[in-house]
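A.B. asks: Fold the stuff below for me.
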Amino acid sequence: MGQNTLVYDHLGSNCTLLEYDNFSYNNALMLFEKHAKHKFRIINTDIFNYDIQKERFDFVVSNGVAHHTKDPAQSIQLCCTALKSGGFFLLGIGNKAGFFQRNLQRFILYSIANNDAEIVKYSKLLFREHLRRSVRFSGRKLDEVIYDTYINPKIYAFGTAELLRIFSKNNIQLYSSYQDIKDVENFVAPGYNQFRLRNPSTDPTQDSISEKGIFYSDIEDISLSNNNKIHTRLYQKLRSLAPHFDAITDEVNDINFNDFDINKTEYLKKINTYKEKLLKIEKIDFINKTHNEIFFDELSAVITVLNKRSKKIDKLREIAILLKGTKKLFRSINGVGMNYYCGYKN
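C.D. replies: Below is the predicted model:
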C-alpha cells in the first residue's frame, strides 16, 4: 500500500515498489505522487513476473510477504539476486517455531469446520484471547486478523537454518536479527573455541552462526516466546553483585610498579564476600522444563480429541472445553508472529 516504503523515500532513497494487487498499487501510487520527495517507480506486477536480472538495489525489503507467496523460497532468492554487493536485505518473515501455535490453530479449524464461514465463526469461539490481543497490538480489525491468520491459503513458515542456507548460497551474511537467534553450538560451547584456528574450507563452524545449526530461538518459540527469557529475580541478584564485583576488579585495575600497594587483608575479605554472594545465586535451566511439560501435555490432549472418530461438532465442543482450561497452550504471546533478518551481501 506504500506507507511503509514512504519512510525510505523520506530518508533519501529512490524507491522501486512491486505490487500485484490493483487496489494496493493505486493506493501506493496516490501516496507517492502526493508525498514522495525523491524519484520513485511503482510497478503493477508480482516479483515472479518481474525481470529482476536487469537491476540491482542498495536495499531490498520484503516484509511479511514471502511466506504468503506461491513459492516462498524463490521469492527470497529473487530478493537476494536483486541486491547489490555491499547492500542490505531486510527480510520480515514467519518462523516455523514462532508460527507453530498459529499453524496449530489453523489445523484445529480445518479439522472441525466445513467452510470459510465456519472457520470465522469457530475461531471467534475457540481463540478469543488470541484474536483480541492481535487486534489490540496489530491495529487490524477482527475480521482482517481472522482472514489473514486462518483463511489465508498460504502461510509457509521458514526455519532459521533454511533461511541461512539461502543467504549463504547468495554470498549474504546474517548482519543482525530480531528475535535474537543464538546458535546453540556457540551458546553452550567452551570459551576456548574463540581461539581455535578456523579454515573455511574444512571447518563447518567457520561462520559464527552455522547454516546447519540448532537455534535457541527455535526451541524457545515453539512452546511460547518466554521460556524464562526474562529472569527478573535473577537479574536483581546479579545486579546486587555489581558493587562487590567492582570492589575486587577496581582494586587491581591499571596497577603499575609505582602504584600497586593494596591492603591484602581487606582485599581477601572483598573476594570472599563476592564468592559467598555468587554461590547463593540459583542456577537457571536453559529451557523452562515445567512450562514445556504442561504445554506439550495440553498439545497432546488437543490432538487426541482431533483423532477421535466423533462428529466434527462433538470435537468442537470438546476442544472448546479443553482450551478454556489450558494454562500454557494458546496463552499469552502464542509464539512470535514475525522474525526479522538483516543480511549483508559481500
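
A.B. asks: mind listing the strands in the protein by residue range?
C.D. replies: Here the chain has its strands, by DSSP state E, at 15-18, 40-43, 57-63, 83-93, 172-178, 339-345.

A.B. asks: Please tabulate those strands in a markdown table, including the columns distance to E276, mean pLDDT and mean neighbour count.
C.D. replies: From N, CA and C alone the C-beta is placed, and that goes for glycine too. Shown next, in a markdown table, are these (distance: least, C-beta to C-beta, whole Å; pLDDT from 0 to 100; neighbours: other C-beta atoms under 10 Å):
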| stretch | distance to E276 | mean pLDDT | mean neighbour count |
| --- | --- | --- | --- |
| strand 15-18 | 60 | 96 | 20 |
| strand 40-43 | 64 | 96 | 16 |
| strand 57-63 | 51 | 96 | 17 |
| strand 83-93 | 47 | 96 | 18 |
| strand 172-178 | 38 | 94 | 17 |
| strand 339-345 | 42 | 95 | 20 |
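
A.B. asks: Distance to N256 for those strands - can I get that in TSV?
C.D. replies: Compiled in TSV, the strands of the chain are given as follows (distance: least, C-beta to C-beta, whole Å):
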stretch	distance to N256
strand 15-18	58
strand 40-43	61
strand 57-63	50
strand 83-93	45
strand 172-178	40
strand 339-345	42
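
A.B. asks: Of all those, which one is nearest D218?
C.D. replies: D218 lies closest, by C-beta to C-beta, to one member of these: strand 339-345, at 10.0 Å.

A.B. asks: Touching the closest one from outside, list them.
C.D. replies: Residues from elsewhere that reach strand 339-345 (C-beta atoms under 8 Å, 6 or more residues apart in numbering): 80, 83-95, 98, 160, 163, 167, 170-179, 181, 217.

A.B. asks: Walk me through the domains of this protein.
C.D. replies: As assigned by automatic domain parsing, the chain contains the domains 3-96+156-223+337-345, 232-273.

A.B. asks: Find the one among the ones you listed with the highest mean neighbour count.
C.D. replies: Of all the domains of the chain, domain 3-96+156-223+337-345 has the most neighbours on average by mean count of other C-beta atoms under 10 Å, namely a mean of 16.

A.B. asks: so what's V60 bridging to?
C.D. replies: F89 (DSSP bridges).

A.B. asks: so who does it touch?
C.D. replies: 79-80, 82-83, 87-90.

A.B. asks: Kindly reformat the residues you listed as JSON lines containing distance to S223.
C.D. replies: Shown next, in JSON lines, are the contacts of V60 (distance: C-beta to C-beta, whole Å):
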{"residue": "C79", "distance to S223": "31"}
{"residue": "C80", "distance to S223": "32"}
{"residue": "A82", "distance to S223": "36"}
{"residue": "L83", "distance to S223": "35"}
{"residue": "G87", "distance to S223": "36"}
{"residue": "F88", "distance to S223": "32"}
{"residue": "F89", "distance to S223": "30"}
{"residue": "L90", "distance to S223": "28"}
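
A.B. asks: which residues touch K327?
C.D. replies: 294, 298.
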